[in-house]
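A.B. asks: the sequence isn't on hand, but the structure is:
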């Protein structure tokens, strides 16, 4: 089966700064792929390119067999932005029902999406009165309400308590088991172990594209944080020459 | 455009307004307070025989300006919020079309403008005895077209503001010249030629003329319909310009 996302030689400049330096990677269908990297490494830019809202300078991004940003993808791809983008002056339920209506779904689908992120009790509260973690879950409910085939989640678990975080990851794996593809970014390495595949990005370059086990095996350490450190060091050593490109 | 998405968007914008009870109260109360002020300002002024009283003349034009000023402000702030909180970017990744969003705002705040001008007109006619030769319905129709024009200009201008401070500064830029040159202070025919030319290019000059036609004639006149059509046309142009400021991809 073809991959859900195929990125080839993707170059993105923002202003005069090059944010992505020729990224190439694939995301298999029906899996949870983690996009890991420190803040400012280009995770959000890569996700925006996949959703089709980022102006790109060169390269191609193919999503579900179509060029990223194609009109028909708008009902097949769900996007959670890093800052919660929901209406603060509407209730959780009103937000979810609005985004449900945009996707041609019904009020009942919206209410289920709200319950799935653990906000059933806060459904009638204005989003502006919620805590940061609740607000980002309200935003997540709006991204998932259309049951998209591909879900792009930019740091969905930031600020969530550990129990909720575990619940959300369990939910992501349920969705993947049902055939949904998820690309989930995080800057905390302990979430890497929860993913089926990992993309490690640093300073706009891909350092690793593999399964957690393969990364551990290649670096000979069990701890993924330590493994990434070794990968980064060896890629920097490799990049010391004139080539300017790393081999992941 | 998709009727289901348009309806959902219009409903969403009205629901946001409904949650903001203070704004709703201000929309209703402020025109009434200002009309009261104007009524008492001119209460003792003599009226030339055969001419409308100063209050009638000014209140009629105020009924056109209220929805224009208020809906321009409300829309430019609302749209700026969509841009700065990321909801606009998110909306543009969904099946929503640009026109669904723009017409959603036009319908929702156009309706709010109709409600506001209906209440203000009721106060002017019943409480303060304003008289117009033509029907009150035409006054409200013109106010509604003004509200839609204001929404369209607000949607467009919000693209040039990065903060709410900047957005509110567009209000005097857009409103003041139109208010000064619309013929309320100096009849348009008595202005210098170049001022007349500027006045001719400003859409509210036509809505003021349309209101004056309603004030002076029992039946709707051809001039009034032409003026209403010009204001509506200006609203369409502003909506097209606003659509051009909505980009699905950004840097």
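C.D. replies: Good, I have the coordinates. Remember, it's a predicted structure, so these values are computed and weren't measured experimentally.

A.B. asks: for chain B, what lies in contact range of chain A?
C.D. replies: Proximity of chain B to chain A, by Cβ under 8 Å from any Cβ of the partner chain, involves residues B:4-5, B:8-9, B:11-12, B:15-16, B:19-20, B:85-87, B:89-96, B:248-251. Bear in mind the C-beta positions are built from the backbone N, C-alpha and C, glycine included.

A.B. asks: buried members of those into ChimeraX, please.
C.D. replies: Restricted to the buried members of the residues of chain B next to chain A, where burial is judged by 16 or more other Cβ atoms under 10 Å in any protein chain shown, the ChimeraX selection command reads as follows:
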select /B:5,8,9,11,12,15,16,19,85,86,87,89,90,91,92,93,94,95,96,249
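
A.B. asks: tell me which other helices or strands the biggest helix by length in chain B touches.
C.D. replies: Longest helix in chain B by number of residues, with DSSP state H as the criterion: helix B:54-84. Helix B:54-84 makes packing contacts with helix B:21-41, helix B:87-91, helix B:98-122, helix B:136-157, helix B:164-181, helix B:203-216 when contacts are defined by 3 or more Cβ pairs under 8 Å, 6 or more residues apart in numbering or on different chains; DSSP states H and E.

A.B. asks: dump the ones you listed to CSV, plus mean pLDDT.
C.D. replies: Conversion of the helices and strands packed on helix B:54-84 to CSV gives the following (pLDDT from 0 to 100):
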stretch, mean pLDDT
helix B:21-41, 92
helix B:87-91, 93
helix B:98-122, 94
helix B:136-157, 95
helix B:164-181, 91
helix B:203-216, 95
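
A.B. asks: tell me the most buried of those?
C.D. replies: Neighbour counts (mean count of other Cβ atoms under 10 Å in any protein chain shown) averaged over each of the helices and strands packed on helix B:54-84 peak at helix B:136-157, with a mean of 25.

A.B. asks: so which residues make contact with the helix or strand of chain A with the lowest mean pLDDT?
C.D. replies: Averaged element by element with mean pLDDT, DSSP states H and E, chain A has its least confident helix or strand at helix A:224-239 (a mean of 83). Counting contacts by Cβ atoms under 8 Å, 6 or more residues apart in numbering or on different chains, the residues outside helix A:224-239 that touch it are A:36, A:189-190, A:192-193, A:198, A:200, A:202, A:205, A:207-208, A:212, A:215-216, A:218-219, A:221, A:245-248.

A.B. asks: likewise stretch A:67-79?
C.D. replies: Residues lying outside stretch A:67-79 but in contact with it, judged by Cβ under 8 Å, 6+ apart, are A:47, A:49-53, A:60-64, A:66, A:103-104, A:143-144, A:146, A:148-152, A:154, B:90, B:93-95, B:248-249.

A.B. asks: again, only this time at 6 Å
C.D. replies: Residues outside stretch A:67-79 that contact it (Cβ atoms under 6 Å, 6 or more residues apart in numbering or on different chains): A:50-52, A:61, A:63-64, A:66, A:143-144, A:148-152, B:93-95.

A.B. asks: tell me the centre residue of the chain?
C.D. replies: This is for chain A. With distances taken as Cα atoms, centre = their mean, the residue of chain A nearest its centroid is residue A:184 (2.9 Å).

A.B. asks: my question was about chain B, not that one.
C.D. replies: Central residue of chain B (Cα atoms, centre = their mean): residue B:68, 2.0 Å from the mean position.

A.B. asks: from what I see, that residue and residue B:148 are in contact.
C.D. replies: No - taking contact to mean Cβ atoms under 6 Å, the distance of 9.8 Å between residue B:68 and residue B:148 leaves them out of contact.

A.B. asks: coming back round to it: in strands, which of the contacts of helix A:224-239 appear?
C.D. replies: Members of the contacts of helix A:224-239 lying in strands (criterion: DSSP state E): A:36, A:198, A:200, A:202, A:205, A:207, A:208.

A.B. asks: quick check, nearest of these to chain B?
C.D. replies: Chain B lies nearest to residue A:205 out of these, by Cβ to the nearest Cβ, at 20.2 Å.

A.B. asks: the residue nearest to residue B:89 when sequence neighbours are not counted and residue B:37, how far apart?
C.D. replies: By the measure of Cβ to Cβ, 6 or more residues apart in numbering or on different chains, the closest residue to residue B:89 outside its immediate chain neighbours is residue A:53, 5.9 Å from it. Distance of residue A:53 to residue B:37, given as Cβ to Cβ, to the nearest Å: 48 Å.

A.B. asks: same question, residue B:123
C.D. replies: 12 Å.

A.B. asks: same check, this time on residue B:222
C.D. replies: When Cβ to Cβ is applied, the distance between residue B:222 and residue B:37 equals 35 Å.

A.B. asks: helix or strand for residue A:179, which one?
C.D. replies: In this structure, residue A:179 is located outside every helix and strand according to DSSP states H and E.

A.B. asks: please list all residues in contact with it.
C.D. replies: residue A:30.

A.B. asks: show the pLDDT at it.
C.D. replies: Taken from the predicted model, the pLDDT recorded for residue A:179 is 94.

A.B. asks: give me the secondary structure label for residue A:25.
C.D. replies: Going by DSSP: H, G, I helix; E, B strand; the rest coil, the secondary structure assigned to residue A:25 is strand.

A.B. asks: quickly note the distance from it to chain B.
C.D. replies: Remark: distance between residue A:25 and chain B (Cβ to the nearest Cβ, to the nearest Å) = 21 Å.

A.B. asks: burial count for residue A:110?
C.D. replies: Using other Cβ atoms under 10 Å in any protein chain shown, the number of residues around residue A:110 comes to 26.
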